[in-house]
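> structure for the following, please:
(one chain, ligands or ions: 1)
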Amino acid sequence: MAIQKIGVFTSGGDAPGMNAALRSVVRSAIHSGLQVAGIMRGYEGMIDGEIKDLDARSVGNIIQRGGTILKSARSEQFKTVEGRVKALEQLKKNNIDALVAIGGDGTFTGSKIFYEEHQFSVLGVPGTIDNDLYGTDYTIGFDTAINTAVSAIDKIRDTAMAHDRLFIIEVMGRDSGLIAIETGIASGAGSILIPEIESDTQAMLDNLQKSLAAKKLFRIIVVAEGDDSGGAYKIRELIEQQFHHFDIKVTILGHIQRGGNPTCHDRVLATRLGHAAVQALKAGKHSMMVGTINHQVVYTPFEEAISKTKTIPLDWAELATVLS
Ligand code: ATP
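Residues are numbered from 1 along each chain as shown. Below you'll find the predicted structure:
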């Protein structure tokens, strides 16, 4: 039976551009003659029945706003069979017959299970700052996050330079070093440490030795929070054990990387992907994530998007050392 009403929700860690994706889903659906309902707080709100009908004006003036007007949450209940049955009851009660999930791999894992148990169609839109999903060159929020980080590091660079200080800057990325690599290169970092490769702390120390010999005490080191070295404070300890010449400061950029107005890139990406998700549901697709590869819209089954790993350009990290 043809779909008549779509439910849309944002889930997992929030990312700038989620609102732009929501706006696109709502307006594309209405344009296609479908009804739309917004589900608050991800799977948690689905289970609790926090669902409201949306019209084109409900998503006015949000394309430029960070966060998500639907709010986001993590739901332990949805990980249980009973929780998912409750969610299904609420969707039926609201006459929703397909979903657009805006989130990351955890969100899509839940959606995949939901289809297996209840044959409920879900299309996924990748909204996560980590850019760690297979099946898309970029996830919504990544571009904004790296630009926020770079502009923060530029400011730190000014003061680091003025006082000849060594700054160790920790950026987000528990399992993925993509934020660290791109921000490290763009901010002229001397070393970049990421979870995907065993940290060559010796190379970093050798680098510092050379710096010292050249009387250059100002340096920037970028580390991803999930790096095996243990993060920024551990690196500081390591450097202090070997050198007494550097004035070392640590900055953890933290949640600043999640907020703020989405960049033009994220708004356009979110708009394209939201629209493509609605088209896919109308065409009968389900259990797939929509993404773009080489600027073309592509659909990747949740199974692959979740289990496969995006390759990271490791030579980029070396580039930083060469150029510093
Ligand atoms: P991000 O990576 O940006 O934080 P995410 O979507 O991966 O986003 P998670 O917190 O991992 O964020 O997942 C969001 C929600 O998806 C979880 O709170 C849970 O409700 C649901 N979910 C995750 N894994 C499962 C699972 N195995 N079974 C059912 N639901 C799940």
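> can you give me the buried ones in the helix or strand hosting residue 29?
When secondary structure is defined by DSSP states H and E, residue 29 falls within helix 18-31. For helix 18-31, the buried set under the neighbour-count rule, 16 or more other CB atoms under 10 Å, comprises 18-30. C-beta coordinates here come from the backbone N, C-alpha and C atoms, glycine included.
> what do you get for stretch 120-139?
For stretch 120-139, burial by neighbour count (16+ other CB under 10 Å) applies to 120-136, 138-139.
> and the end-to-end length of that stretch?
Terminal residues of stretch 120-139 are spaced 24 Å apart (CA to CA, to the nearest Å).
> counting by contacts, list what the helix or strand hosting residue 202 packs against.
Per DSSP H and E: residue 202 is located in helix 201-213. Taking 3 or more CB pairs under 8 Å, 6 or more residues apart in numbering; DSSP states H and E as the contact definition, the neighbouring helices and strands of helix 201-213 are strand 191-193, strand 219-224, helix 232-242.
> swap the cut-off to 7 Å and go again
Packed against helix 201-213 by the contact rule (3 or more CB pairs under 7 Å, 6 or more residues apart in numbering; DSSP states H and E) you find helix 232-242.
> which one is whatever residue of the stretch 51-200 of the chain ends up closest to the ligand nearest to, not counting chain neighbours?
Of the residues in the stretch 51-200 of the chain, the one nearest the ligand is residue 106, at a distance of 2.0 Å by CB to the nearest ligand atom. Counting by CB to CB, 6 or more residues apart in numbering, residue 106 lies nearest to residue 12, which is 5.3 Å off, once chain neighbours are set aside.
> torsion angles phi and psi at the one you found?
The main-chain torsion angles of residue 12 are listed as degrees, to the nearest 10 and equal phi 80, psi -160.
> now the helix or strand that contains residue 100 against helix 18-31, angle please.
With the criterion set as DSSP H and E, the secondary-structure element containing residue 100 is strand 98-103. If you take axes from the mean of the first three to the mean of the last three CA atoms, to 10 degrees, strand 98-103 sits at 160 degrees to helix 18-31.
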